[in-house]
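S.K.: Please find the sequence and the predicted model below.
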Amino acid sequence: MTGGKRLRIAALFVIVLVFAFIMDMSSNAITDNTLTRNDTGDGDAVYDLVLNADGLDEDYSYQLKVREEQPSDKQANELFTQAKKEIDDSFCEEGQSVEQVRGHINMKEAYAQGAVEAEWTLSDYDVVDIDGDVNQEAFESVDDEQGKLISASVELSCGEHRQLYDFSFMVFPDELDAGERLIKDINRHIDSEMSKSGTKKLTLPDEVDGVKLSWSQEKSNTAGKIAMLEVVVIVLLVLEKKEKKKTAQKERNIQLQLEYPEIVSKMAILMGSGMTVEQAWNRITARYLDERKNNDENIMPAYEEMLVTEREISDGVTGRKAYAGFAERVKLPCYLDLSIKSIKWSQVGASRNKDGMKYHACYCAADKKTEGSTVFITDYGTNYHGKLGCSKLKRTVHKVHKSEVDGKNLCSKCKGEGT
């Protein structure tokens, strides 16, 4: 920016400040100690003044409220005439006249652009309230055709001038269709009957306006509501039962998992001492029954399922099927380990699996070649194992839908039957 341009901008600022100062001084100045009043209808004017007088130590802030200009008689009459015309034009709703008023009337507080104030008085506020609304309940049947005559008196004021404006108007109820009119007449008849004294019973009309009436008491819907409530309660009970069952199953699975290591440990010890799976199984269940007799509350789900399996074998079910049923009931893959059998090492050569195949040594059985030592086999395996905890004996089963097998081969035993 050049120096000349900056100088011109500075000069412009100075001119604006000087002009504002002059305007401020002129607006604050009072010529001949006179103040200008607002025109009639514009309201009072408020001036903030500063008074300087002998005897005052400092200037005194002085606020003065100046009433608007007071109209002359001629001006007041002209404003009253204007106000009356505005009343005539705005009193009734559009399309109505003082000969027939329905619904609402308009009673303003000021007219002639606020120069004339109005205070309204009506002859019957039961028919038309202070807000100008027509009370539909205030009419008799004859009023539907004749209407009600209401007087209105308006006191108009303009400064010190006053003037009354009186007129009348006819009020009618809202226009009704045939059905609404019939209901209204029925209500009138019933109200008339209820106003009678000394009668215990209320007689309902059998005919109104030439229309035959038939009355019946509305049926109570209590039965339907109760039935609906019963349905809701049943649904809630079913949901609660399912939730409890789900929670109980979850707790049972947790308990089964906690009991599993104990059962496997007992089976390993008993089978290691030379017992068969069935013998070890029966020994464990027998001890559990003895403990349960002494403590009825000590119910252990895994041991209870072992008891079921024991009874099935006693009833003629094959051990293979009974143990498979046990695994299915507990629905925990870890219990498949219980299908393991223990035999003497000397019996390995003569033993065959379900497919008639011989058993060969697993790496963990390499040092178990002494007469009398125990090894472990399964009906479907082809190895014998020197340790119950051998990783080759552990199997993990996952339950999936057939569509999720990802091309895996069918089992030779169950042929992939299932869901």
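M.R.: Sure, I can see it. Because the structure is predicted, anything quoted here is derived from the model rather than measured.
S.K.: Can you show me the strands along the stretch 301-419 of the chain?
M.R.: 341-344, 360-361, 374-377, 383-384 (DSSP state E, counting those that start in this stretch).
S.K.: so residue 373 makes contact with residue 342?
M.R.: No. Counting by C-beta atoms under 8 Å, residue 373 stays clear of residue 342, with 10.6 Å between them. From N, CA and C alone the C-beta is placed, and that goes for glycine too.
S.K.: Who has more neighbours out of the two?
M.R.: residue 342 (23 against 14; other C-beta atoms under 10 Å).
S.K.: what about the nearest residue to the more buried one once chain neighbours are set aside, neighbour count?
M.R.: Excluding the flanking residues, the one nearest residue 342 by C-beta to C-beta, 6 or more residues apart in numbering is residue 271, at 3.7 Å. As a burial measure, residue 271 scores 21 neighbours (other C-beta under 10 Å).
S.K.: Now tell me which helix or strand of the chain has the poorest mean pLDDT.
M.R.: helix 3-28 (a mean of 66; mean pLDDT, DSSP states H and E).
S.K.: so the residue nearest to residue 342 sits in a strand?
M.R.: No. Residue 271 sits outside any strand when classified using DSSP: H, G, I helix; E, B strand; the rest coil, being helix.
S.K.: Could you report the pLDDT at it?
M.R.: Predicted confidence (pLDDT) for residue 271: 78.
S.K.: Distance of the residue nearest to the spatial centre of the chain relative to residue 224?
M.R.: Central residue check for the chain by C-alpha atoms, centre = their mean: the C-alpha nearest the mean position is that of residue 232, 19.3 Å away. Residue 232 is 13 Å from residue 224, where distance means C-beta to C-beta, to the nearest Å.
S.K.: Could you do residue 291 as well?
M.R.: 56 Å.
S.K.: Averaged pLDDT, stretch 350-370. What do you get?
M.R.: Stretch 350-370 comes out at a mean pLDDT of 75.
S.K.: Also stretch 90-107?
M.R.: So the average pLDDT for stretch 90-107 ends up being 93.
S.K.: Just the buried positions in that stretch, please.
M.R.: Across stretch 90-107, burial judged by 16 or more other C-beta atoms under 10 Å covers 91-92, 96, 98, 101-103, 105, 107.
S.K.: got it, and stretch 300-313?
M.R.: Buried, per 16+ other C-beta under 10 Å, within stretch 300-313: 300-303, 305-307, 309-310, 312-313.
S.K.: Now tabulate those residues in CSV and tack on distance to residue 129.
M.R.: Formatted as CSV, the buried residues of stretch 300-313 follow (distance: C-beta to C-beta, whole Å):
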residue, distance to residue 129
300, 83
301, 79
302, 84
303, 86
305, 84
306, 89
307, 88
309, 90
310, 92
312, 90
313, 95
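S.K.: Now for residue 170, how many residues are close by?
M.R.: 15.
S.K.: and the spatially closest residue to residue 133 that is not a sequence neighbour, what are its phi and psi?
M.R.: Using C-beta to C-beta, 6+ apart and skipping residues adjacent in sequence, the residue nearest residue 133 is residue 104, 5.6 Å away. Phi and psi for residue 104, reported as degrees, to the nearest 10, are phi -160, psi 150.
S.K.: Could you do the one 10 residues further on as well?
M.R.: Main-chain torsions, residue 114, degrees, to the nearest 10: phi 90, psi 0.
S.K.: just for the stretch 251-400 of the chain, where's the confidence low?
M.R.: 331-340, 364-372, 388-389, 391, 393-400 (pLDDT under 70).
S.K.: Helices along that one, start to end?
M.R.: 277-294, 301-314, 319-330 (DSSP state H, counting those that start in this stretch).
S.K.: List the buried residues for the last one?
M.R.: Neighbour counts over helix 319-330 (16+ other C-beta under 10 Å) mark 319, 322-324, 326-327, 330 as buried.
S.K.: For stretch 153-164, what is the distance to the chain centroid?
M.R.: Remark: stretch 153-164 is offset 58 Å from the chain centroid, using C-alpha atoms, centre = their mean, to the nearest Å.
S.K.: same question, stretch 84-100
M.R.: 50 Å.
S.K.: contacts for it?
M.R.: 101-108, 111-112, 118, 147, 154, 156, 165, 167-170, 172 (C-beta atoms under 8 Å, 6 or more residues apart in numbering).
S.K.: Can you check the distance spanned by it, start to finish?
M.R.: Its first and final residues considered, stretch 84-100 spans 19 Å by C-alpha to C-alpha, to the nearest Å.
S.K.: Which of the helices or strands spans residue 107?
M.R.: Residue 107 is part of no helix or strand when elements are defined by DSSP states H and E.
S.K.: Hmm, it is touching residue 121, no?
M.R.: No. Between residue 107 and residue 121 there is no contact under C-beta under 8 Å: 9.9 Å.
S.K.: can you list the domains in the chain?
M.R.: Structural domains assigned to the chain are 3-66, 73-178, 225-337, 340-401, following automatic domain parsing.
S.K.: Can you add distance to residue 197 and give these back as CSV?
M.R.: As requested, the domains of the chain are exported to CSV (distance: least, C-beta to C-beta, whole Å):
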stretch, distance to residue 197
domain 3-66, 58
domain 73-178, 20
domain 225-337, 39
domain 340-401, 82
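S.K.: Identify whichever of those lies nearest to residue 207.
M.R.: When the domains of the chain are compared by C-beta to C-beta, domain 73-178 sits nearest residue 207, at 14.9 Å.
S.K.: Tell me the predicted confidence for residue 80.
M.R.: For residue 80, pLDDT reads 93.
S.K.: Just give the number of residues close to it.
M.R.: 23.
S.K.: and the closest residue to it other than its chain neighbours, how far is that from residue 258?
M.R.: Computed as C-beta to C-beta, 6+ apart, the closest residue to residue 80 that is not its neighbour in sequence is residue 163, at 4.9 Å. Residue 163 is 102 Å from residue 258, where distance means C-beta to C-beta.
S.K.: For residue 155, grab the count of nearby residues.
M.R.: Neighbour tally, residue 155, other C-beta under 10 Å: 13.
S.K.: what does the one 10 residues further on give?
M.R.: With neighbours defined by other C-beta under 10 Å, the count for residue 165 comes to 16.
S.K.: phi, psi of it?
M.R.: Dihedral angles (degrees, to the nearest 10) for residue 165: phi -130, psi 110.
S.K.: Over to the nearest residue to it once chain neighbours are set aside. Which of the three states is it?
M.R.: Excluding its sequence neighbours, the residue lying closest to residue 165 (C-beta to C-beta, 6+ apart) is residue 154, at 4.4 Å. Classification of residue 154 using three-state DSSP returns strand.
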